[in-house]
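A.B. asks: have a look at this fold, sequence not included:
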């Protein structure tokens, strides 16, 4: 009994050692990632491995599952399943990092259950957040069409013009020359001392002055002029009075003609 008691612990320890050797032995070993590798979250990366010649042989291994762990004790995610160990590589996508995940140390674990329980670990590596997310590609709609727009109306150019009007006071001097002859046309000359061109206005012939004493008095004056000097003086006085009256009428008519002309000239300047 004592011998059996000593042998049993020894056999148990031996079986544990054999199991450990079986777990440690493998026919593949990871070649990527290696120590110092830095992956970026969200990107597609390549995982590779090679055969090391240890049992079990690659052609006897079953499908492999590739897992990601953080700090050797925190499961993150499964990157690939049912991977053929003879393939030698597989493309995987780096997962998004958990809170504070850029400070973790990551490893990959290759797990196979055929022909025995096998676990192979990769070297340590790091993962960083993507500094700039990939641009979003917007595909054009199949129903969208570009329709040219044609306009028959040419473009119109609108120019804003500001006109400055300067008004300069105008000083005009007017000279009126009236002939004392009864049947001579009256000439009125308007001379401008500034910008107005002198204008010549000709009035029609004025009618002969009317003698207040009548036509007989005129004949009498003509007859009496040869004999008596006094009637001649009287006739001359009457003629002078008639001429003065005609001058007043002439001036009055001239003002009615000159004044509208002056107003018209000033307004047209």
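C.D. replies: Structure received. Fair warning: this is a prediction, and the values are worked out from it, not measured in the lab.
A.B. asks: residues of whatever helix or strand residue 66 lives in that come out buried?
C.D. replies: Using DSSP states H and E, residue 66 sits in strand 64-70. Buried residues in strand 64-70, counted by 16 or more other C-beta atoms under 10 Å: 64, 66, 67, 68, 69, 70. Yep, even glycine has a C-beta here, placed from its N, CA and C like the rest.
A.B. asks: can you show me the strands along the stretch 51-200 of the chain?
C.D. replies: Here the stretch 51-200 of the chain has its strands, by DSSP state E, counting those that start in this stretch, at 64-70, 74-83, 89-93, 106-112, 118-121, 126-128, 172-176, 187-192, 199-202.
A.B. asks: helices and strands of this structure: which one bottoms out on pLDDT?
C.D. replies: helix 214-224 (a mean of 41; mean pLDDT, DSSP states H and E).
A.B. asks: any regions of the stretch 1-150 of the chain where pLDDT drops low?
C.D. replies: The stretch 1-150 of the chain contains residues with pLDDT under 70 at 1-26, 132-150.
A.B. asks: which residue ranges form the helices in it?
C.D. replies: Along the stretch 1-150 of the chain, counting by DSSP state H, counting those that start in this stretch, helices occupy 2-24.
A.B. asks: so for residue 47, which of the strands of the stretch 51-200 of the chain sits nearest?
C.D. replies: Proximity to residue 47 (C-beta to C-beta) singles out strand 89-93 among these, at 5.4 Å.
A.B. asks: helices or strands up against the closest one?
C.D. replies: strand 44-51, strand 74-83 (3 or more C-beta pairs under 8 Å, 6 or more residues apart in numbering; DSSP states H and E).
A.B. asks: tell me the phi and psi of residue 260?
C.D. replies: Phi and psi for residue 260, reported as degrees, to the nearest 10, are phi -60, psi -30.
A.B. asks: what stretches of the stretch 151-269 of the chain score poorly on pLDDT?
C.D. replies: 151-245, 269.
A.B. asks: same thing but at 80, please
C.D. replies: Under the criterion pLDDT under 80, the flagged ranges of the stretch 151-269 of the chain are 151-250, 252-256, 259, 269.
A.B. asks: what are the phi and psi angles of residue 265?
C.D. replies: Main-chain torsions, residue 265, degrees, to the nearest 10: phi -70, psi -40.
A.B. asks: distance check, it against residue 253.
C.D. replies: According to C-beta to C-beta, to the nearest Å, residue 265 and residue 253 sit 19 Å apart.
A.B. asks: what about residue 107, how many residues nearby?
C.D. replies: 18 (other C-beta atoms under 10 Å).
A.B. asks: who's in contact with it?
C.D. replies: By C-beta atoms under 8 Å, 6 or more residues apart in numbering, the contact set of residue 107 is 68, 69, 72, 121, 122, 123, 124, 125.
A.B. asks: please repeat the previous calculation with a cut-off of 7 Å.
C.D. replies: By C-beta atoms under 7 Å, 6 or more residues apart in numbering, the contact set of residue 107 is 69, 72, 121, 122, 124.
A.B. asks: okay if I get the residues you listed as CSV plus distance to residue 247?
C.D. replies: Below are these laid out as CSV (distance: C-beta to C-beta, whole Å):
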residue, distance to residue 247
69, 135
72, 138
121, 140
122, 136
124, 134
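A.B. asks: indicate which one of the helices and strands packed on strand 89-93 is closest to residue 248.
C.D. replies: strand 44-51 (120.7 Å).
A.B. asks: hmm, who's touching the closest one?
C.D. replies: Counting by C-beta under 7 Å, 6+ apart, residues outside strand 44-51 touching it are 27-32, 39, 58, 66, 88-94, 108.
A.B. asks: please consider this matter closed, and thank you.
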